[in-house]
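Mind folding the following:
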Amino acid sequence: MNGMKITSAPRPLPAVVRGESPDSIHRAREVTRAFTDHLTPAPDPERADTFLLVVSELATNALRHGGGRYTLQLSAGPDTLTAAVSDLSSAVPRDRTPDLNGGGGGFGWHMIRHLTSHLTITPAPGAGKTIQARLPR
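Okay, here's the model as predicted:
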């Protein structure tokens with residue numbers, strides 16, 4: 001050996017966003033974009049966009065259906081991107097018939113399930129839940 005030391009790149013620190021208003025969804029998107037932009041190696045741009053969409057839908061659903069407040073935590077492993085959203089409602093997400101005319105939604109949960117490789121819902125002690133969505137990096 002020539003004295004060269006090879007070290008692995010440090011794992012990024014998790015990013016956390018707390019939200020309780022529609023403006024917080026914009027903040028969650030900004031933090032998610034900054035998070036993926038600073039990963040080494042960076043995820044493929046299409047994968048980063050997909051992750052951003054999943055985060056946006058999870059945060060929006062938590063705000064609309066989860067009690068009006070949420071906490072988003074982003075993390076990354078060597079092969080994965082993970083978003084965990086905790087809210088105040090113990091009710092599990094359910095499929096709704098999409099509103100094709102009135103803009104009332106109904107697309108988010110189906111989209112989240114379709115775009116993620118691993119999805120878990122964990123009840124919180126007392127009330128609330130955490131939804132963890134994982135995508136390949």
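
quick check, distance from stretch 125-136 to the centre of its chain.
10 Å (Cα atoms, centre = their mean, to the nearest Å).

And the contacts of that stretch?
With contact meaning Cβ atoms under 8 Å, 6 or more residues apart in numbering, stretch 125-136 is reached by 47, 50-51, 54, 58, 62, 66-67, 79-93, 112, 115-124. For glycine as for every other residue, the C-beta is placed from the backbone atoms N, C-alpha and C.

how about a cut-off of 6 Å?
Applying Cβ atoms under 6 Å, 6 or more residues apart in numbering, the contact partners of stretch 125-136 are 51, 54, 80-86, 88, 90, 116-123.

Quick one: neighbours of the residue nearest to residue 88 when sequence neighbours are not counted, just the number.
Of all residues not flanking residue 88 in the chain, residue 67 sits nearest, at 2.9 Å (Cβ to Cβ, 6 or more residues apart in numbering). Using other Cβ atoms under 10 Å, residue 67 has 17 other residues around it.

ok so, going back, of the contacts of stretch 125-136, which belong to strands?
80-86, 118-123 (DSSP state E).

Select only the buried ones of the contacts of stretch 125-136 in ChimeraX?
Buried members of those, defined by 16 or more other Cβ atoms under 10 Å, are picked up in ChimeraX with:
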select :51,54,81,82,83,84,85,86,116,119
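
distance of residue 121 from residue 79?
Plainly put, residue 121 is 22 Å away from residue 79 if you go by Cβ to Cβ, to the nearest Å.

same check, this time on residue 40
14 Å.

one step back: which residues are in contact with the residue nearest to residue 88?
By Cβ under 6 Å, 6+ apart, the residues touching residue 67 are 87, 88, 89.

Can you point out the helix or strand that includes it?
For residue 67, there is no enclosing helix or strand under DSSP states H and E.

Just confirm residue 52 contacts residue 34, I think it does.
No. Residue 52 lies out of contact with residue 34 (Cβ atoms under 6 Å); the separation is 10.7 Å.
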